[in-house]
Structure formats: structure tokens, C-alpha cells
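Trainee: Quick one, fold the following:
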Amino acid sequence: MEKQKNKTSRLASFKENPSKALWTLAIPVMAGMAVHTVYTVVDMIFIGRLGGEQIAAVAFNMPLFFLVLGMTMGLGAGVTATVARYIGAERKRSADNAAEHAMVIALIISTVLTGFGFWRGEAMLSFLGAKGQILTYAWQYLKFICVGLPFMIFSGFFRSILSGEGDMKLPMMVAGLGTLLNLILDPIFIFGLDLGVEGAAIATAISQITVFTIFVYMMFVKEHAYVTFRMKDFKWSSDIIKDIFKVGIPASVSMVIMATGGGVFNRILATFSSDAVAGYQVAGRVDMIIFLPIMGIGTGLTTLVGMFYGAKEFDQLRKVVKYGISRAFYITLILSIIIYAFAPIIMSIFTKNENILSVGINYLRLICIVYPLIAVGMNIGRVLQGLGRGLPQLTITITRVLGVSVPLALIFTQLFHKPLEWVWYSMMLSSFVAVTISVIWLKAAFKKQVPI
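Mentor: The predicted structure follows:
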């Protein structure tokens, strides 16, 4: 009963001040992601001290890692939107059942993906372009990443459930603890035990297991969440699966397509040099930092749009969408200026290799021009997910990656033999196309689903 009252009070406060509610949800997400990003940045700095081959080895793992993360986040977005809408409509048992379904989905995909990783992981790395010593390092890294994979997937679904009910603080604190542990273990395993990239993967796996253990304790033993898990009484519901998959499957496929695109870009860059692959991946860590506040705003928008739509609070829904998207644009505009001015200094933090530095600086100074457009497109996608629409994001991703950026990059570099920066031009052009389609789709969705 107390949890019910707290949740009712939280939802009421969200309705009173949607703008404040957005930051209430977004800031803990930003903080949690910031902590995780600090780890990825420091991890790359540690690996960068090993050499260019080790950086490239980890870089070739990134599309596979992004594939798994994308499936988890994609289906997790479906869980978040479904739980939020049920809570907004005051259907607690349905919210509970959605959370239980999330656990079953997590078990299935973690079993399949982990098994496939051990079975075909090395072959996949080879297919992505890793060769020789780089392939050896890449497989050493992936083997231990696969050990922690199930724990990462379950933790991702726990976070999605909590996001759906508006609790962003616990995931932030747990992520912070896991990241701190990872930062402590990294130098011990990489340098102290002289395990190199393998040590980095072992440290990551241990941290993921720790985070999972904390979530299980808080969710099942302490019963911290508003939703209640009754797995022994679990009953499969096609309606709930439909709700989750309606958003989750398109979002997951979108992530798969982006991971595939990342793999293709790695292969294209590998035709230039392994330093080109490494520079792209190192600069990608800076992208992650830039989009921290944007992902935080997007997560908050998914929860609030879902709750307001479920409660039929359309005025608040419109206000929070307009506010969130505009703030995302302004924030990235300011950050773009900073990145352009300080790209050489930022890249030098990660590596002293002149070739890698040159690639990363060139990438950042071009891509930062379209950061504001990417921010708008990302948040429109999260708004549409909150409305229960997953297809737009998938369609836009297919158009951006498979319809524009990848084909153009191949044409520019393989057919016309253009230099490396034309790969970045293809990415920039695709961002213009994607945001245009996103804006059109949002207007159409509001016209149909959100009465004035």
C-alpha cells in the first residue's frame, strides 16, 4: 500500500510540473551514464597504453558489443514504455506482469547470445576484418566479455523496469558502484597481472556480475521496486508481449542495423589502415560523452510520454516533448562548439599515436557539425516509443544507415577512391535525412494520437 501511495504521489508531481519532472528523471540517468562513460573512456586510455593493435582489437569488438547492447536497450525501451503506460493508466498488476515478462525475455536472449558468442565469436571478428595478431587480441577480449554477457543483459532489463516506473536513482547508484569496481580492477588485471586486453575483459565481467547481484538483491529480496515479481505464478500474456515487442523489436532491429553499419564502417576504414579503425573508435568515446545529456533527456521523455499518454494528460505531454527536444538541441549546439575548438586536446588524452590522433580529430571536427540534428532525431525516436510506436525509429534507422551512410561511404571510397574524410561526409548527410523524416513522423503521430 505504501509503495502504491508513493507511486501515485510521484505521478501527480510529474503532472504538476512536466519540465521539472523531465530533469528529475534525466539527471540521474545522465549521472549513471556519465559514470559508465568515465569507465569506457578510462578503459580506452588504459588499453591505449598497450598499443595501436590492442586499440584496434577492442575496436573490432565494438559492433558485436553494440549489437548485444542494442538488443537489450531496444527491448528494454519496450519494457519501459509498457510499464510506464500501465502505471499511468493505474493498472498495477499489468505493470507487474510486464516486468515478469521482461525477466523471461532476458533469460532467452542472454542464453542465445552468450552461446552464439562462444560458438562463432572468433569467426565474426574475422568477418568484421580483424586479422593476424589483432584477431588474436580481439578474441581474447571477446571470450571473457561473453562470460559477463548474461549478467549485463539482466541488469539492463532491471534498469528498464525501474525507468518505466520513474525510479532512476537506484540504477544510477548501482551503475556507479559497478563502474568504480571496474576502474579499480582494470589496472590490476591489465598491468598488474600483465593480462593486457584480456585483463580488461575480465575486469568488465567481474563488474557486470557484481551489478547483477546487487539488482537481484534490491528487486527480489528488498523488494525496492514499485512493481512486484511473482515468477512462480507467471502466466504468459500475448497482449503484454505485443506491447513490449511493438516498441522493443523495432528498437532492437534498429540497434542491430547500427551495429551492422558500424561493422561495415570498420571494414571500410580497415582498407585505409588499422589506425583509421582505432581513431574512429577512440573518437566514438567522445561521441558517448556528448550524448550523455541527450540520452538522459530521451530516457526521461520515454517514461513521461508513456505515463502522460496512459493517463490521457495530453497538455502535459505536448509541453514536455517541446521542452525536452529544444533543450537537447541547445545543449548539443554548445557542446559542438567546444568539441570543434578542443578536438586535438581531447584526442591527445587517449593516445599519442599521430595517425590515430589525425583520424580522430578530423572525425570530431566534421561530425560535431551535425550533433544538434542527431540529438533532435534521437529524442523524437524516444517520444514515439513512449507513444507505443516503434516502427518509425526502425524505418528511419534503415534509411539512415542502409539507405544513405553505408552506401555513400562505399561509393565514395571504393568506387571513386575518395580519402578517409568522405566516410565522415556520408555519416553527416545521413543525419540530415534522418532528422527530416523524424520531424515529419512526429507531427503525423501527434496529429493522430495526441488531441489538442
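Trainee: if I read this right, Tyr304 contacts Leu22, doesn't it?
Mentor: Check again: residue 304 is Leu, not Tyr. Yes - between Leu304 and Leu22 there is a contact under C-beta atoms under 8 Å: 6.2 Å. In short, each C-beta sits where N, CA and C put it, glycine included.
Trainee: chain center to stretch 366-385, what's the gap?
Mentor: 13 Å (C-alpha atoms, centre = their mean, to the nearest Å).
Trainee: Apologies, that question was intended for stretch 230-237.
Mentor: Put simply, stretch 230-237 sits 29 Å off its chain's centre (C-alpha atoms, centre = their mean).
Trainee: residues in contact with Leu142?
Mentor: Going by C-beta atoms under 8 Å, 6 or more residues apart in numbering, Leu142 touches 61, 64, 117, 121-122, 125, 201.
Trainee: That one sits in which helix or strand?
Mentor: Using DSSP states H and E, Leu142 sits in helix 132-164.
Trainee: Likewise for Ile240?
Mentor: Here Ile240 is assigned to helix 238-270, by DSSP H and E.
Trainee: Neighbour count: Leu304 and Leu22, which is higher?
Mentor: Leu304 (31 against 24; other C-beta atoms under 10 Å).
Trainee: Quick one: residues contacting that one.
Mentor: Contacts of Leu304 (C-beta under 8 Å, 6+ apart): 14, 18, 21-22, 25, 84, 316-317, 320, 386.
Trainee: The residue nearest to Ala21 when sequence neighbours are not counted: how many residues sit nearby?
Mentor: Counting by C-beta to C-beta, 6 or more residues apart in numbering, Ala21 lies nearest to Phe14, which is 4.0 Å off, once chain neighbours are set aside. Applying other C-beta under 10 Å, we find 25 residues neighbouring Phe14.
Trainee: isn't Phe14 right up against Trp23?
Mentor: No - counting by C-beta under 8 Å, Phe14 does not reach Trp23; the two are 11.4 Å apart.
Trainee: remind me which residues of this structure are low pLDDT?
Mentor: 1-13, 15, 32-33, 35-41, 233, 452 (pLDDT under 70).
Trainee: Now Ile349: phi and psi?
Mentor: phi -70, psi -30 (degrees, to the nearest 10).
Trainee: on that earlier part again, need the next SSE after the helix holding Ile240, C-terminal direction.
Mentor: helix 274-290.
Trainee: That following helix - contacts with which helices or strands?
Mentor: Packing contacts for helix 274-290, counted by 3 or more C-beta pairs under 8 Å, 6 or more residues apart in numbering; DSSP states H and E, involve helix 18-48, helix 52-88, helix 238-270, helix 314-348, helix 354-367.
Trainee: Number of residues surrounding Ile345?
Mentor: Neighbour number of Ile345 under other C-beta under 10 Å is 9.
Trainee: now swap in Ser94 and tell me
Mentor: Neighbour tally, Ser94, other C-beta under 10 Å: 20.
Trainee: rewinding a little: give the residues shared as contacts by Leu304 and Leu22.
Mentor: Going by C-beta under 8 Å, 6+ apart, residues that sit against Leu304 and also against Leu22 are Val320.
Trainee: Verify the stated contact: Phe291 with Met378.
Mentor: Yes - the criterion here is C-beta under 8 Å, and Phe291 meets it with Met378 at 7.3 Å.
Trainee: helix/strand/coil for Glu90?
Mentor: coil (DSSP: H, G, I helix; E, B strand; the rest coil).
Trainee: For it, give its distance to Leu269.
Mentor: 51 Å (C-beta to C-beta, to the nearest Å).
Trainee: neighbour-wise, which of those two wins?
Mentor: Between Glu90 and Leu269, Leu269 has the larger neighbour count (other C-beta under 10 Å), namely 25 against 14.
Trainee: elements contacting the host helix or strand of Gly117?
Mentor: Take DSSP H and E as the rule and Gly117 turns out to sit in helix 92-127. Using 3+ C-beta pairs under 8 Å, 6+ apart, the elements in contact with helix 92-127 are helix 52-88, helix 132-164, helix 238-270.
Trainee: Buried deepest among those helices, which one?
Mentor: Highest mean neighbour count among the helices and strands packed on helix 92-127 (mean count of other C-beta atoms under 10 Å): helix 52-88, with a mean of 25.
Trainee: Please state the offset of that helix from the chain centre?
Mentor: Distance, stretch centre to chain centre, for helix 52-88: 5 Å (C-alpha atoms, centre = their mean).
Trainee: Next, the angle helix 92-127 makes with it.
Mentor: Between the axes of helix 52-88 and helix 92-127, defined by axes from the mean of the first three to the mean of the last three C-alpha atoms, to 10 degrees, the angle is 160 degrees.
Trainee: All further residue positions should be reported with the first residue as 703.
Mentor: Noted, 703 is the first residue going forward, which turns the last one into helix 754-790.
Trainee: Helix 754-790 vs helix 940-972, what angle?
Mentor: Using the same axes, to 10 degrees: helix 754-790 against helix 940-972 is 160 degrees.
Trainee: what's the spacing between the helix holding Leu844 and its chain's center?
Mentor: The answer for helix 834-866 is 13 Å, by C-alpha atoms, centre = their mean.
Trainee: C-terminal to that helix, what's the next element?
Mentor: Following helix 834-866 toward the C-terminus (DSSP H and E): helix 871-889.
Trainee: Now that next one: buried residues?
Mentor: 871-878, 880-881, 883-885, 887-889 (16 or more other C-beta atoms under 10 Å).
Trainee: Going by distance to Leu1068, which of these wins?
Mentor: For these, the residue nearest Leu1068 by C-beta to C-beta is Thr881; the value is 30.2 Å.
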